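In: Model the following, please.
(chains A, B and C)
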Amino acid sequence: MTRTSTATPLAPHPDRLFAADPAARTVARTVYQAVADAPIISPHGHVDAALIADDQPFADPASLLVTPDHYVLRLLHANGVGLDELGRPDRSGDGSVPDGRQIWHRLAAHWDDFAGTPVRYWFETELHDVFGLTEQPSAENADAQYDHLAELLTTPAFRPRALFDTFRIEVLATTDDPTADLAAHARLAADPSFRGRVLPTFRADAVFDPSRPDWRHVVTSIGQAAGIDTGTHAGLLAALRARRRYFIEHGATATDTGVLDAGSTPLSTAARERIHTTALRGPASLTEADAVAYRHDMLYRWAEMSVEDGLVMQLHPGVHRNHHRPTLERFGPDTGHDLPAVGSFTEPLRPLLEAFGTAPGFHLVLFTVDETVFSREIGPLAGFYPAVYAGAPWWFIDTPAAIGRYRAAVTDSASFTKTSGFIDDTRAYCSIPARHDMARRADAAYLASLVVSHQLSEEDAVRTAHRIVSDIPRATFKL
Amino acid sequence: MTRTSTATPLAPHPDRLFAADPAARTVARTVYQAVADAPIISPHGHVDAALIADDQPFADPASLLVTPDHYVLRLLHANGVGLDELGRPDRSGDGSVPDGRQIWHRLAAHWDDFAGTPVRYWFETELHDVFGLTEQPSAENADAQYDHLAELLTTPAFRPRALFDTFRIEVLATTDDPTADLAAHARLAADPSFRGRVLPTFRADAVFDPSRPDWRHVVTSIGQAAGIDTGTHAGLLAALRARRRYFIEHGATATDTGVLDAGSTPLSTAARERIHTTALRGPASLTEADAVAYRHDMLYRWAEMSVEDGLVMQLHPGVHRNHHRPTLERFGPDTGHDLPAVGSFTEPLRPLLEAFGTAPGFHLVLFTVDETVFSREIGPLAGFYPAVYAGAPWWFIDTPAAIGRYRAAVTDSASFTKTSGFIDDTRAYCSIPARHDMARRADAAYLASLVVSHQLSEEDAVRTAHRIVSDIPRATFKL
Amino acid sequence: MTRTSTATPLAPHPDRLFAADPAARTVARTVYQAVADAPIISPHGHVDAALIADDQPFADPASLLVTPDHYVLRLLHANGVGLDELGRPDRSGDGSVPDGRQIWHRLAAHWDDFAGTPVRYWFETELHDVFGLTEQPSAENADAQYDHLAELLTTPAFRPRALFDTFRIEVLATTDDPTADLAAHARLAADPSFRGRVLPTFRADAVFDPSRPDWRHVVTSIGQAAGIDTGTHAGLLAALRARRRYFIEHGATATDTGVLDAGSTPLSTAARERIHTTALRGPASLTEADAVAYRHDMLYRWAEMSVEDGLVMQLHPGVHRNHHRPTLERFGPDTGHDLPAVGSFTEPLRPLLEAFGTAPGFHLVLFTVDETVFSREIGPLAGFYPAVYAGAPWWFIDTPAAIGRYRAAVTDSASFTKTSGFIDDTRAYCSIPARHDMARRADAAYLASLVVSHQLSEEDAVRTAHRIVSDIPRATFKL
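Out: Numbers count the residues shown, from 1 in each chain, chains lettered A, B, ... in the order given. From the prediction side, this is the model:
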């Protein structure tokens, strides 16, 4: 695009995220260059496999770039833009939604509120590298930029599969319901024209918590999907095992689980069956203590199943879901008000780790949104238990600054080998390369800081960078 | 002052707090210079309005510079100097207090214990810039420095109003009792020769906690001040509303509240009235659970009133007051042993935010003395709720290092727009310019770090610095 | 040693741990050089006094360098090497242990897993400076390096006392059982040919917790050692006082205590006696609440005794001991799975500090493995209470990065004077100089950062460095 006369240029700097010091910068460049073009391994994310399988053109710039990106949405909302104004369907509204152009104008009007944030940092890279924008969004250029983007989306190069290649994605893990038929995954696997790997991830959070209104429905559905009666807890476990096998047959190497806390105390068979039976009568008949005990036992069973079938177990406790009920009621879940809680791993995971922490082949990747646990809990756990891996900073803290803090906190106890590699955890498909690039740069800057303070040789730094983007995620996620 | 031959020079460096790297330093200088001389907006502090209104000369150097500065007092006490030796009235003593010169000698004798601390950092600026000292305090020069300071305080240029101009203070918010007549504020507002703004802040902590021995007295006093019977909870709320209006009429734009925790669960009218009636019979008749429930409800009401009348709500939970009872008994409160507690916002504030988090015009500024909540709670809350603002590091953590950590932690989720700007929170009048200068330098250093790592353009950094010292506090505090 | 052709050199850089920026590096060098060769004061460690007193040659390289170093052991275990493979006696095994050469091979095979970690950082210094190795360990050179090391250990220069001199150790505090006869300490003190100071430290953790299976045995043993009946709590306190005097007579200046939490509420004499009597009947007759109350009271008594006899009180709460029971059962305690817990000081220590926080001569050094307490609790406590000292980062966080964070967090409130100086806390005798060198470098880097940002003069930085390695530990530990 040609620039308008008053526009501010959008030109991501080749040395961005590197330290200013010339010596450190030179090393960071070397380390980064060694991995800048490495294929992307994305072992944890939320892109829909059908998007790739169907390969339909994207509808419009806003629904591709703004509406699905919770980072962008949150910051606009915090600065006074309603979710209804950003295209989220409003149950209390009249059914009308703003068109994409209006949404883009709102983004442009608040572009200044993003100054200095990591969201703007990677959004700039995305807009520049993927879409060729060369001006910062503004009221003046909003229409022109929107037209430019909309036109690109009609071209073959901007279809999902073409972008998959352009982005150099080698592995993309999706997140899937335990009852999913994984048809899109199967289609992709069977398609000789598609060379990437799109793998499902088994995520069955609802089954953990019998106090959820949808728990009974979920348990029944899993039973139907597996062809096994889940009226007993033993039946549920059998059905889950069957569904996990189904996922493995479709390429899955991992499960993913979000729970409020990481409690993992097992129950006796009798106790489990009793709570299961009670819960099937409906949440009203269940005590809170029983619900919690059931959930903690299920986390223990999850590890037990992973030890059996080899699926990597990802765990991210500590998020308050749907903090603002009025927003939940109007706009549904996943609308920006899931919020971090205090993290805790060492004590609650004790029963699980006592049983499985040294089990051969068991991989447990711990993620947190509470940074304080990196040096206090996750690093020390990953620095003793062969099974434990320190997950990369995630969600609220997958930023250049926090990645630096994570490395500085976790490397001391867990080194690099016991970490996960970067995960993008995203629904915003086009942000994937920009965000992996950010992580590679942040890691290069960290490694360079070790080199210039003579804690690591430059050769080892380059080798470590390679391991972080390739060997480590492959090993940790069994890819 | 001329220097004695053996003295160590006191000469604050023009580039202090900036990074050593030449590129980063050059940017930091540019950013800092753009705001170095901007007027001071101090929206949260503890200077007495009568000090400005009366404009009397200060009594002596020690009672101006040492005794009211809790930072200085704490560090001397920690190194073995008794509070009685520092001029704090001692209830167990014989009524004698050291004279100012003795106190200054004690400061000089322990000057080395301040080496490398932020207290010494800004004290040096204060002594140099305001009082023209050019030597580090020492046993040798203590008398000469004391004489020099004492002489200055007799001159017109060192009267409170003259310093107000010298310091370039534009807005100074005080902290005031709900029953205060605000006469000094009124005098200042009515005085055409005074061009600054000195605004009251409504602070009624005692009313929150019915287990306090002084609660009944406070509630009665507020009723008397408002001319409303506070024998019922409804009456108390009406009286508080009346007093808030009175404060608004005298220029107030904000309230300030310190509570042990941020619990905000509302009570039914009946429950509130019941506890209120019980509490009026005296703390002995009150259960602890009722006292806590009453306090949590009051926090909810506070937000409700702010939504109604537009006063900005400042909240700083998480301080253990008067940790050392023997010191409390001898020297009273505010003597250096209020200590930080674990911060918690996301869960306890849920009821309040559910009701008012998206209410138009509601501003809730969250302060903490527990840094761990910046990236885990305050940033994410300010990054979703339009009402929430991330307060600047405060009290124990308003230091160059902690300001850097705050920016690095909060900007990721909340950007700059959803923050408060610096607050000095001080009783030490002459430290105000040095401490705002410190914040401007620390922010310039942080912004420069974003510029040299190419996360922000230099133009945006300068604009952001301007916003931090002017637009942001004006908007956040509705000035 | 001559290098093999393909080997990677092992050559610690003279500027390691210093910032890359030339100005900061120049200052750091100056500060470091001023203390690089200062004698080592090690006021807290786990070397056996008999090792020095007996002065026998070390058995073999692995049992000297690998097996006793829990940092090395943990990281190998985390990467899949069993503790049995590393020479830890295995109760479930056949009694065979690998020979030292095998262990060295395992270390070499996993050398890459240490890349970038502080463990490798100081291990490299140790291998190079003490043993003259010039190649990174590898499969290729493992035999040659092992032979080289084994040969050195047969020479007089590598006997413990010779190394004591080579390491320039001036004071080495050991950690000793309350019933210890301290014969080795006495032999050393009586030996005119030995000029160092090897001091015992009184550590009686078992006596705090009457729910421990060994509590009754410990209490009885202390009574026997003291010649005082410990059938009553008063008797136990008298016996402890006697044993403390015995330690003082043998040079002790400090006690050391590890507890799960820092609760310190005192009990009445009657309550203490009642629980004591109950506990002597065996753990089964004791309630958990009574056990906790007894432990908290004992912490209070510990401080009371320190006020009486002048022993410095070291306290490190917040460690989950023996997290992985199967490992405990196979390999015993101290096998790498003690893990950090959440730290808490301000509230639990309130009773103790209320009574003794301003007691003349009382020194209470607080250590933590939870970094979040540095700016929130330990710094502020040490910044008010004359008795409180902020202990150096310890165990999981005694690393270059964490030392920097500690200084940045603690100096704000506690300055340098209210800190402990570095403690190595080690069983790995030969790692002592490398680890003190690391701390000196990390502190030099921190001090240099203050100098180049003009918060401290270079002269004050050099003086502060001297104080940190000499005056401060001498004053804090009363050496």
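
In: Next, the nearest residue to residue A:218 once chain neighbours are set aside: secondary structure please.
Out: Distances taken as CB to CB, 6 or more residues apart in numbering or on different chains put residue A:206 closest to residue A:218, at 4.2 Å, once the chain neighbours are dropped. Yep, even glycine has a C-beta here, placed from its N, CA and C like the rest. The local conformation at residue A:206, judged by DSSP: H, G, I helix; E, B strand; the rest coil, is helix.

In: Counting neighbours, what do you get for residue A:206?
Out: By the criterion of other CB atoms under 10 Å in any protein chain shown, residue A:206 has 18 neighbours.

In: How about the contacts made by it?
Out: Residues in contact with residue A:206 (CB atoms under 8 Å, 6 or more residues apart in numbering or on different chains) are A:212, A:214-215, A:218.

In: Now for the residue of the stretch 151-300 of chain A found nearest chain C, how many residues are close by?
Out: Here the stretch 151-300 of chain A gets closest to chain C at one residue, residue A:264, 12.9 Å apart by CB to the nearest CB. With neighbours defined by other CB under 10 Å, the count for residue A:264 comes to 25.

In: out of everything not next to it in sequence, what's closest to it?
Out: residue A:352 (3.7 Å).

In: Need the per-residue pLDDT for residue A:345.
Out: pLDDT, residue A:345: 98.

In: Spatially nearest residue to it, not counting backbone neighbours?
Out: residue A:377 (4.4 Å).

In: The one you found belongs to a helix?
Out: Yes: under three-state DSSP, residue A:377 sits within a helix.

In: Now for it: which residues touch it?
Out: A:343-346, C:339-340.

In: Next one: it from residue C:356, what distance?
Out: Distance of residue A:377 to residue C:356, computed by CB to CB, to the nearest Å: 32 Å.

In: next SSE after the helix-or-strand element of chain A with minimal mean pLDDT?
Out: Using mean pLDDT, DSSP states H and E, strand A:319-320 stands out as the lowest-scoring helix or strand of chain A, at a mean of 92. Where DSSP states H and E defines the elements, the next helix or strand beyond strand A:319-320 is helix A:325-331.

In: Next, see if the next helix-or-strand element following that next one gets close to chain B.
Out: Using DSSP H and E, the helix or strand that follows helix A:325-331 in sequence is strand A:339-340. Yes: if you take CB under 8 Å from any CB of the partner chain as the test, strand A:339-340 does meet chain B, through A:339-340.

In: Tell me if strand A:339-340 is near chain C.
Out: No: for a cut-off given as CB under 8 Å from any CB, strand A:339-340 has no contacts with chain C; the smallest distance is 14.6 Å.

In: The next helix or strand after that strand: how far from the chain's middle?
Out: Read in the C-terminal direction, the helix or strand following strand A:339-340 is helix A:350-356, with elements assigned using DSSP H and E. The chain centroid and the centroid of helix A:350-356 are separated by 26 Å under CA atoms, centre = their mean, to the nearest Å.

In: what do you get for stretch A:203-220?
Out: Taking the mean of its C-alpha atoms, stretch A:203-220 sits 22 Å from the chain's own mean (CA atoms, centre = their mean).

In: try stretch A:221-230
Out: On the basis of CA atoms, centre = their mean, stretch A:221-230 is displaced by 28 Å from the centre of the chain it belongs to.

In: residues of that stretch that come out buried?
Out: Applying a neighbour-count criterion of 16 or more other CB atoms under 10 Å in any protein chain shown, the buried positions in stretch A:221-230 are A:221-223, A:225-226, A:228, A:230.

In: ditto for stretch A:230-242
Out: Buried, per 16+ other CB under 10 Å, within stretch A:230-242: A:230, A:233, A:235-242.

In: next one: stretch A:289-299
Out: For stretch A:289-299, by 16+ other CB under 10 Å, it's A:290-299.

In: about what we covered before: quick one: the residue nearest to residue A:264 and residue A:299 touch, right?
Out: Yes: between residue A:352 and residue A:299 a contact is recorded at 6.5 Å, counting by CB atoms under 8 Å.

In: Now the common contact residues for the two.
Out: In contact with both residue A:352 and residue A:299: residue A:264, using CB under 8 Å, 6+ apart.

In: Give me the buried entries from the contacts of residue A:206.
Out: Using 16+ other CB under 10 Å, the buried members of the contacts of residue A:206 are A:212, A:215, A:218.

In: quick one: the residue nearest in space to the middle of chain A from chain B, how far?
Out: Residue closest to the mean C-alpha point of chain A, counted by CA atoms, centre = their mean, is residue A:425 at 1.6 Å. As judged by CB to the nearest CB, to the nearest Å, residue A:425 and chain B stand 15 Å apart.

In: Identify the residues contacting that residue.
Out: Neighbouring residues of residue A:425 by CB under 8 Å, 6+ apart: A:44-46, A:394-395, A:398.

In: Three-state assignment for it, please.
Out: Using three-state DSSP, the structure places residue A:425 in coil.

In: Using CSV, write out the CA atom coordinates for stretch A:70-81.
Out: Taking C-alpha atoms only, stretch A:70-81 is exported to CSV below (Å, rounded to 0.1, in the frame of the first residue of the first chain):
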residue,chain,number,x,y,z
HIS,A,70,-9.1,-11.9,22.9
TYR,A,71,-6.1,-9.7,23.5
VAL,A,72,-7.3,-7.0,21.1
LEU,A,73,-10.9,-7.3,22.3
ARG,A,74,-10.0,-7.0,26.0
LEU,A,75,-8.0,-3.8,25.6
LEU,A,76,-10.6,-2.2,23.5
HIS,A,77,-13.3,-3.1,26.1
ALA,A,78,-11.1,-1.8,28.9
ASN,A,79,-11.0,1.5,27.1
GLY,A,80,-14.7,1.8,26.8
VAL,A,81,-15.7,-0.1,23.6
